[in-house]
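Chemist: coordinates for the following, if possible.
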Amino acid sequence: RPLHAIPSTVAGLYDLGLRHHVRSAAMAWWTEGALEPVPDWKLDRLAIRFALFGRERLGLEPGGRAVVMGRLGWLWPALDFAAMGFGVVPVGLEHDLSDDAVAFAFAEVAPRAAYATDAESASRLKRLRGAGRLGGATVVGEGLGEEEGVWPLAQVMDLAAILDTPERAQAFRAFSRQVAPESPALWHAGREGIVRLTHQAAMARTAPALRARPALEGDVA
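Modeler: Sure, this is the predicted structure:
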């Protein structure tokens, strides 16, 4: 539905968008020749569960960093919203950066965790971690085995579902409403270096689009 007032943070925008579960598809991904819809309730639970797992099992604290690397898919926005809702800074890495560029980005941002959005990126991050080029970051990704410093994505999702209680979910929502506009929102590492955006700066880019094209019933991203 159209926003009567645009919030000052990306976390607040997410909170408003997922406060009521009324859409059969909040997003849709093109997979295997067809669109796969992601209902708003499913997106909401994914974000909350990743946020809870990051805080309680990986030690992600407000102001800390979590890398998201790989191709764009359903996992990327879920991780972005999860991180920002608890004041963690998601750092996006383009999937085709060189190994040296990836290692440099890790040294610059010192993330506590790194999530891969596809199996190829997961294998690559595991290899770089084994070579000592990712610092102490824990790697989470599809197709990984269980070993020190590495979590299979499926296992993370199973454990995160156990953490998803009403009390913890409400704590996530409450925190997301208190994130300050001047706090870091997200970083992006590409060939031009690392771009850093506060919530205020991110919303300055987002708000004009929201005003120019208000949400209508049935909209899908």
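Chemist: list the contacts of the worst-scoring helix or strand of the chain on mean pLDDT.
Modeler: Here the helix or strand of the chain ranked lowest by mean pLDDT, DSSP states H and E is strand 27-31, holding a mean of 84. The contact list for strand 27-31 (CB atoms under 8 Å, 6 or more residues apart in numbering) reads 35-38, 43, 73-74, 77, 220-221. Placement of C-beta: from N, CA and C, glycine included.
Chemist: by neighbour count, which of these wins?
Modeler: Ranked by neighbour count (other CB atoms under 10 Å), these have L43 at the top, with 22 neighbours.
Chemist: host element of that one?
Modeler: helix 40-56 (DSSP states H and E).
Chemist: report the buried residues of that helix.
Modeler: Buried residues in helix 40-56, counted by 16 or more other CB atoms under 10 Å: 40, 42-55.
Chemist: which one of the residues you listed is nearest to V67?
Modeler: Ranked by distance to V67 (CB to CB), the buried residues of helix 40-56 are led by G54 at 11.9 Å.
Chemist: what about the closest one, distance to A47?
Modeler: 11 Å (CB to CB, to the nearest Å).
Chemist: could you do P208 as well?
Modeler: Distance from P208 to A47, by CB to CB: 25 Å.
Chemist: now the angle between strand 27-31 and the helix holding L43, please.
Modeler: Here the directions of helix 40-56 and strand 27-31 differ by 90 degrees (axes from the mean of the first three to the mean of the last three CA atoms, to 10 degrees).
Chemist: thanks again, I'm all set now.
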